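Novice: build me a model from this:
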Amino acid sequence: MNIGIVGAGVLGLAAARKFQQAGHQVTIFESRDDVGGQVVTFEIGGERIECFYHHLFTNDTVAVRYIEDMGLGDRLRWIEPSNAILRNGRIFPFVSPLDLLRYTAVPLAGRIRLGLAAVWLRRQKDYKKYEQVTARHWMERAVGRRAFEGVWGPLLRGKFADQADNVGMTWLWGKIYLRFASRSGAGGHKEQLGYLEGSFNTYIERIAERVREAGGTIRLETLVDEVTISAGRVSGIRAGGVDHAFDAVLMTTPNIVTRKIAPQLPVPYQEQLDKVRYQWATCLVLALDRKLSDVYWLSVADDLPFVAVVEHTNFIPASRYGGNHIVYLSNYVSPGDPVLGMDAGEVFEHYLAGLKAVNPVFDRSWVREMWLFKDPGGQPVITTNYASTIPDMRTGVDGLYLANTTQVYPEDRGQNYSLRLGERVAELMMKDAATSA
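Specialist: Numbering: from 1, shown residues only. The predicted structure follows:
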């Protein structure tokens, strides 16, 4: 087959490799000027770094396999992170069970219930039992309202804004279950996170090189105008006003983009795509001349305009980035939020009081450079009964398929699950083609 792929993220690249290994021809269309999708990078101090923060958990075995297959296993570093939570203006370490007991922002009885709930959830393998209940309802019953508001309530609101109360418990189960599954040590409190020296772009670029070496084409800075359909079957891709014929097409685009480039999809499938709402992901990245804090991942449980402070250079040394201390200020906002109309300087001013809440002596003179990145498909909103809203990979148009982050459920977004989904959709497409031949 001659296969067209929309999107050169890790999902599209993994699918391309699968197709090529089976002897098929691939062409990938990517609107950006580089491969990687949501793992796209830029440069600080002579070193590549992700526009949106990334790391691996120890159970991200598919991503580790790809890194090793690309000959980069010796560059993958496993580091014990320093994590904390900001509550009532105070930074509390939040790594071990002992840290939870010391989390005085929640009454002692609530802390104990939080710990017991986490232990319970990490032992539950059947996520389906949580499909019909919201995270708020389940957690408030399990740990009490004060404990919920001391940890999960503010984080859900920071992540999902006005949709926080609709988020299904399966999403929160996944966060707790998968996070604990990656831990080791007594009581499962020792965590290690993985990072690839030189950025994750290093292995992604190598996958792209392998695709090209095997005869594949990757068309960067090429916006897809439309996926063309004729007589109920996909016929190709129109990009830059030029038609390209394909036997099959894989779209790896968010639902909101898919609807624009494939307007001829069957109405029931369009309606299925429209059921999933997205939060925009935004990251204001600061290069500072000194540390903001001693914490790698600071979850924000106070009323600040960002939900997390990820100080990358408390994980990877600042010396790799020309001595710059790199801080991500992460936020998720609904479409139409005023932040989406701001530039980096305006967002910085909006966040300035929040930065001083993290470090009261912070001064704007510490900032050497700043960048703002936005992604409209950053976070699908995982509601109750979400499984019924997931679009099938088969679109209802012969030869046309969709694979994106809405379909990794019950897992959440991440390189590991996108790589795995890319392999799975490629296998499905080849199986369908063989059956219809």
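Novice: unless I'm mixing things up, R136 is touching Q163, no?
Specialist: No - using Cβ atoms under 8 Å as the test, R136 is too far from Q163 to be in contact (11.3 Å). Glycine gets a C-beta too; all of them are placed from N, C-alpha and C.
Novice: buried sites along the host helix or strand of G422?
Specialist: Secondary structure assignment for G422, by DSSP states H and E: helix 415-436. Residues 415-426, 428-430, 432-433 are the ones in helix 415-436 that count as buried (16 or more other Cβ atoms under 10 Å).
Novice: and the contacts of it?
Specialist: Contact with helix 415-436 is made by 1, 3, 9-16, 18-19, 22, 24, 37, 39, 54, 56-57, 60-63, 66, 200, 247-248, 250, 252, 393-394, 398, 401, 403, 405, 407-408, 411, as judged by Cβ atoms under 8 Å, 6 or more residues apart in numbering.
Novice: buried members of these into PyMOL, please.
Specialist: PyMOL command restricting the contacts of helix 415-436 to the buried ones, with burial defined by 16+ other Cβ under 10 Å:
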select buried, resi 1+3+9+10+11+12+13+14+15+16+18+19+24+37+39+54+56+57+60+62+63+66+200+247+248+250+252+393+394+401+403+405+407+408+411
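Novice: tell me which of the contacts of helix 415-436 fall in helices.
Specialist: Counted as lying in helices by DSSP state H, out of the contacts of helix 415-436, are 10-16, 18-19, 61-63, 66.
Novice: pull the most distant pair out of those residues.
Specialist: F19 and T61 (22.2 Å; Cβ to Cβ).
Novice: I'd say I261 and V224 touch.
Specialist: Yes - counting by Cβ under 8 Å, I261 does reach V224; the two are 5.2 Å apart.
Novice: quick check: neighbours shared by the two?
Specialist: What both I261 and V224 touch, as defined by Cβ under 8 Å, 6+ apart, is the set V6.
Novice: low-confidence regions, the stretch 101-250 of the chain specifically.
Specialist: 179, 181-189 (pLDDT under 70).
Novice: do a quick rundown of the helices in it.
Specialist: Applying DSSP state H, counting those that start in this stretch to the stretch 101-250 of the chain gives helices spanning 108-122, 135-143, 145-150, 152-160, 169-181, 201-213.
Novice: buried sites along the shortest one?
Specialist: Going back to what we said before, that points to helix 145-150. 147-150.
Novice: turn the residues you listed into a markdown table, including distance to Q192.
Specialist: Conversion of those to a markdown table gives the following (distance: Cβ to Cβ, whole Å):
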| residue | distance to Q192 |
| --- | --- |
| A147 | 28 |
| F148 | 29 |
| E149 | 30 |
| G150 | 27 |
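Novice: doesn't D375 lie inside a strand?
Specialist: Yes - counting by DSSP: H, G, I helix; E, B strand; the rest coil, D375 is part of a strand.
Novice: hey, what's it bridged with?
Specialist: A281 (DSSP bridges).
Novice: okay, now it: neighbour count?
Specialist: Counted with other Cβ atoms under 10 Å, residues neighbouring D375 total 19.
Novice: so what's it up against?
Specialist: Counting by Cβ under 8 Å, 6+ apart, D375 makes contact with 38, 52, 280-282.
Novice: ok, S293 next?
Specialist: Per Cβ under 8 Å, 6+ apart, neighbours of S293: 84, 91, 309, 311, 314, 358-359.
Novice: buried subset of the residues you listed?
Specialist: Buried, going by 16+ other Cβ under 10 Å: 84, 91, 309, 311, 314, 358, out of those.
Novice: which one of the residues you listed is nearest to I112?
Specialist: Closest to I112, out of all of the buried ones among the contacts of S293 and judged by Cβ to Cβ, is A84, at 20.2 Å.
Novice: that closest one should be in a strand, yeah?
Specialist: Yes - with three-state DSSP as the criterion, A84 is located in a strand.
Novice: what about the closest residue to it other than its chain neighbours, which helix or strand?
Specialist: Spatial nearest neighbour of A84, chain neighbours left out: V295 (4.5 Å); criterion: Cβ to Cβ, 6 or more residues apart in numbering. For V295, there is no host helix or strand (DSSP H and E).
Novice: ok, V295 - contacts?
Specialist: Contacts of V295 by Cβ under 8 Å, 6+ apart are 82-84, 91, 309, 311, 314.
Novice: let me have those residues in JSON lines, adding distance to G354 and pLDDT as columns.
Specialist: Shown next, in JSON lines, are those (distance: Cβ to Cβ, whole Å; pLDDT from 0 to 100):
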{"residue": "S82", "distance to G354": "20", "pLDDT": "93"}
{"residue": "N83", "distance to G354": "19", "pLDDT": "94"}
{"residue": "A84", "distance to G354": "15", "pLDDT": "96"}
{"residue": "I91", "distance to G354": "13", "pLDDT": "97"}
{"residue": "V309", "distance to G354": "9", "pLDDT": "98"}
{"residue": "E311", "distance to G354": "14", "pLDDT": "98"}
{"residue": "N314", "distance to G354": "18", "pLDDT": "97"}
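Novice: cheers, nothing more for now.
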